[in-house]
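task: produce atomic coordinates for the following.
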Amino acid sequence: MENFRFCVGTEILFGKGQISHLPEALKKFGNRVLLTYGGGSIKKTGLYDKVMQLLADFKVFELNGIQPNPRIESVYEGIKICRNNNIDVILAVGGGSTIDCSKAIASGYYYEGDAWDMIMNPQTIKKALPICTILTLSATGSEMDSAAVISNMKNNMKVGFINEHNLPKCSILDPEYTFTVPKNQTAAGTADIMSHIMEVYFASQEAYIPDSFNEGMLRACIKYCPIALQEPDNYEARAQLMWCSSLAINGIGSTGKPVAWSCHPMEHELSAFYDITHGVGLAIITPRWMRYILSEKTVDKFVTFAQNVWGLSPENDKYALANKGIDALENFFKRCGIPMTLTELGIDRKHFKKMAEDAVTLGNLSQAYVPLNVEDVCNIFEMCL
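Numbers count the residues shown, from 1 in each chain. A predicted model of the protein is given here:
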């Protein structure tokens, strides 16, 4: 194993009724709160009213309407609200988009220049407002990591940035708040969770403990996503997916091994140009990427994936077994109701070259598990049609 540093400083309050601890979680940072949320589903479910009731002794300001694939414009607006009202702490109530936007706002509050420049150069972030979260969608894991992804649709860019100051101070994870998540979002969220795991599982160096952990989380997603789709209010299924979401990307699955992501940089380009659901794009790309990189160098890892994740029996032809494992993943996504071609989403090859160039450059794909160049990425996009 390689040397590593592992420290996750987010306090997790997991389970039913944990929202009751919200006031004490926030008051240590101050009294002036920026509440961020998306399209208003938290009002329909009653969560908004519950939050406002608990924050009766706080001065609360709001930023709503944060979109999936959160826009830089929302970041600008949030920074303005924070500066004009001397905000002490940000409370993000929602899924990854709301939390990611809040991270950029928290960092941008102290940044003197354009927040987009900060996102492009995250090493310039030296300080951020504290963030607390209430999670309503199991997917990105942003509730327990220091990364965020922001879109600038004017120049078709979707960029991820990482800085330790972005890490939430406290996250409330109540599975009951995901009962009303629609089937398509539950499926896409699970695909996102699984992609986070597979991005670190497929690496150039073996690491038995984190890889065993990753295999277990993948099996949990495979077991519990179909249950959540059929029984939306099944607490155990929602709880398992929610905890998987957090653990999949908090760093524990990549300890002791070199990691360079492959599928996310490609999907970010799809979202930047076509504003599609992130998890859907990942579900389409991942099996095609797997088939494209399958070789004598990678086949043994795919055999392990087929056996340990999907429970497939050993056979003499390791390439056949590897492909069966990839088939199992693709068929699982299909059974979950996820579109599995770009054509189904109305996407053609018009922007493939530009998307591939940006994916290679911004995503540093030359350092990926299997290094990819522009031609490789174009070929994978073609396979996705």
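
select the longest helix from this structure.
Using DSSP state H, we find that the single longest helix of the chain is helix 208-230.

residue furthest from the geometric center of this protein?
In terms of distance from the mean C-alpha position of the chain, Asn316 ranks first, at 36.9 Å (C-alpha atoms, centre = their mean).

how much space separates that one from Lys301?
18 Å (C-beta to C-beta, to the nearest Å). Every residue, glycine included, has its C-beta placed from N, CA and C.

pretty sure Ile347 is touching Leu270, no?
Yes: with contact defined as C-beta atoms under 8 Å, Ile347 reaches Leu270; the gap is 7.1 Å.

on that earlier part again, could you give the mean pLDDT of the helix or strand just after the longest helix of the chain?
Using DSSP states H and E, the helix or strand that follows helix 208-230 in sequence is helix 235-247. For helix 235-247, the mean per-residue pLDDT is 97.

which other helices and strands does helix 235-247 contact?
strand 11-14, strand 170-173, helix 183-201, helix 208-230 (3 or more C-beta pairs under 8 Å, 6 or more residues apart in numbering; DSSP states H and E).

for the residue nearest to Asn373 when sequence neighbours are not counted, what are its contacts?
In space, Asn373 comes closest to Val360 once its chain neighbours are excluded; the distance is 6.3 Å by C-beta to C-beta, 6 or more residues apart in numbering. Contacts for Val360 were tallied using C-beta atoms under 8 Å, 6 or more residues apart in numbering; they are Pro265, Ser366, Leu372, Asn373, Val374, Val377.

next, count neighbours for the fourth one.
Meaning Asn373. By other C-beta atoms under 10 Å, 13 other residues sit near Asn373.

go on, Cys378?
18.

confirm it sits in a strand?
No: per DSSP: H, G, I helix; E, B strand; the rest coil, Cys378 lies outside any strand segment and is helix.

pretty sure it contacts Lys354?
No: assessed by C-beta under 8 Å, Cys378 is found out of contact with Lys354, at 10.2 Å.

shared neighbours, the two?
Counting by C-beta under 8 Å, 6+ apart, nothing touches both Cys378 and Lys354.

what score does the residue minimising distance to the centre of the chain have for pLDDT?
For the chain, the residue nearest the mean C-alpha position is Thr140 (2.3 Å; C-alpha atoms, centre = their mean). pLDDT, Thr140: 95.

quick one, what contacts it?
Counting by C-beta under 8 Å, 6+ apart, Thr140 has contacts Gly95, Gly96, Ser97, Ile99, Asp100, Asp192, Ser245, Ile249, His278.

pick out the most distant pair among these.
Spanning the widest gap among the contacts of Thr140 are Ser97 and Ile249, at 15.0 Å by C-beta to C-beta.

neighbour count for the two, which is higher?
Ser97 (28 against 25).

how far away is the residue lying closest to the more buried one once chain neighbours are set aside from Ser142?
With sequence-adjacent residues excluded and distances taken as C-beta to C-beta, 6+ apart, Ser97 is closest to Pro70, at 4.6 Å. As for Pro70, its distance to Ser142 is 10 Å (criterion: C-beta to C-beta).

so what sits against both of these two?
Counting by C-beta under 8 Å, 6+ apart, the residues touching both Pro70 and Ser142 are Asp100.

out of these two, which sits in the busier spot?
A count of neighbours by other C-beta under 10 Å puts Ser142 above the other of Pro70 and Ser142, at 31 against 27.

Leu385 versus the more buried one, what's the distance?
30 Å.

again with Asp275
Counting by C-beta to C-beta, the gap from Asp275 to Leu385 is 19 Å.

circling back: separate out the buried members of the contacts of Val360.
Pro265, Leu372, Val374, Val377 (16 or more other C-beta atoms under 10 Å).

dump the residues you listed to JSON lines, plus distance to Ala187 and pLDDT.
JSON lines is the format used below for the buried ones among the contacts of Val360 (distance: C-beta to C-beta, whole Å; pLDDT from 0 to 100):
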{"residue": "Pro265", "distance to Ala187": "22", "pLDDT": "96"}
{"residue": "Leu372", "distance to Ala187": "27", "pLDDT": "97"}
{"residue": "Val374", "distance to Ala187": "31", "pLDDT": "97"}
{"residue": "Val377", "distance to Ala187": "25", "pLDDT": "98"}
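
the strands in the protein, which residues?
11-14, 32-36, 59-63, 89-94, 131-135, 147-152, 157-162, 170-173 (DSSP state E).

quick one: the helices in the stretch 1-150 of the chain?
Assigned by DSSP state H, counting those that start in this stretch, the stretch 1-150 of the chain shows helices spanning 22-27, 41-44, 47-54, 72-85, 96-108, 115-120.

check which helices and strands the fifth one sits against.
Using 3+ C-beta pairs under 8 Å, 6+ apart as the contact test, the elements touching helix 96-108 are strand 32-36, helix 72-85, strand 89-94, helix 115-120, strand 131-135, strand 147-152.

Ala237 is nearest to which of the ones you listed?
strand 131-135 (15.6 Å).
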